[in-house]
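1. just the structure for this:
(2 chains)
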Number of protein chains: 2
Amino acid sequence: MERLPILKIGPMLLVSIQVDLRDDMVIALQEDLADRIVDTGARGVVIDITALDIVDSFTGRMLATIAALSRVLDAETVVVGMRPAVAITLVELGLSLDGIKTALDVERGMRLLSSAGGVGR
Amino acid sequence: MERLPILKIGPMLLVSIQVDLRDDMVIALQEDLADRIVDTGARGVVIDITALDIVDSFTGRMLATIAALSRVLDAETVVVGMRPAVAITLVELGLSLDGIKTALDVERGMRLLSSAGGVGR
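-> Okay, the predicted model is just below:
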């Protein structure tokens, strides 16, 4: 089974989503991410969706679940790299990603986590 | 056409390869990367291949070309996340990735770039 790589960069974990995720991949990602947060003591998770042209309600729910999971494990989630068209679709779908922080790119996402959660480099 | 996201993190660019690349995607990646190196003045490029189960001679040549391209633009390349099986295959193929730096994970790769090329954070 394909698994998404989770990269540790400083006190944060980075997941770059480049492929359309199937159910089993989402479940694997959530398990892997929970393990890595606990193993590394990461305080922040950056999810990069630059490569996604389309975000449907399935992806929206996945992002919400990852954010909730991270929160329980004392890590914050920032979604970065959202395209304008994706943002429009999300809002049209009624998925406003409540409770999920967003930033334009990885660097801003990392700065946001640093400033918000005391996640120093 | 699908394009691989190139993430800027500090003075480095990060490309995480998660899909089997076709010819046109490789060409697009090389063009995008050259543009981003020039635009951002990045001094290092980290190529993450954690997700690749198989590296064939096509991928090996691509890595070599990216490294050569970066070098011409005054940036160093580090390939990170190589699996043991991939390393064995590469050597069996006679592709020893001469002139390409490698590191076990993104953090070590970034440290390697920092220490080698004066790429400070």
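2. switch to C-alpha atoms for all contacts and neighbour counts from now on
-> Noted.
3. Three-state assignment for the closest residue in space to A:E2 that isn't next to it in sequence, please.
-> Of all residues not flanking A:E2 in the chain, A:M25 sits nearest, at 6.8 Å (C-alpha to C-alpha, 6 or more residues apart in numbering or on different chains). The assignment at A:M25 comes out as helix when based on DSSP: H, G, I helix; E, B strand; the rest coil.
4. now A:M25: how far from chain B?
-> 13 Å (C-alpha to the nearest C-alpha, to the nearest Å).
5. neighbours around that residue, how many?
-> When neighbours are defined as other C-alpha atoms under 10 Å in any protein chain shown, A:M25 has 15 of them.
6. that one touches A:R3, doesn't it?
-> Yes - contact criterion C-alpha atoms under 8 Å: A:M25 and A:R3 qualify, at 6.2 Å.
7. follow-up on the earlier one: per-residue confidence at the residue nearest to A:E2?
-> A:M25 carries a pLDDT value of 91.
8. mind listing what's buried along the helix or strand encompassing A:A87?
-> Applying DSSP states H and E as the criterion places A:A87 in helix A:84-92. Buried residues in helix A:84-92, defined by neighbour count with 16 or more other C-alpha atoms under 10 Å in any protein chain shown: A:86-87, A:89-90.
9. which residues touch the very next helix or strand once past it?
-> Using DSSP H and E, the next helix or strand after helix A:84-92 towards the C-terminus is strand A:101-103. Residues outside strand A:101-103 that contact it (C-alpha atoms under 8 Å, 6 or more residues apart in numbering or on different chains) are A:77-81, A:109, A:112.
10. quick one: which of those residues is the most crowded by neighbours?
-> Neighbour-wise, these (other C-alpha under 10 Å) top out at A:T77, 30 neighbours.
11. quick one on the thing from earlier: chain center to the helix holding A:A87: distance?
-> 17 Å (C-alpha atoms, centre = their mean, to the nearest Å).
12. try stretch A:88-106
-> 11 Å.
13. can you give me the strands for chain A?
-> A:6-9, A:12-16, A:44-48, A:76-80, A:101-103 (DSSP state E).
14. CA atoms only: put the fourth one into CSV for me.
-> Pointing back at strand A:76-80 there. Only the C-alpha atoms of strand A:76-80 are listed here, as CSV (Å, rounded to 0.1, in the frame of the first residue of the first chain):
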residue,chain,number,x,y,z
GLU,A,76,-1.3,22.3,15.9
THR,A,77,-2.1,21.9,12.2
VAL,A,78,-1.7,24.4,9.4
VAL,A,79,-2.8,23.8,5.9
VAL,A,80,-0.7,25.5,3.3
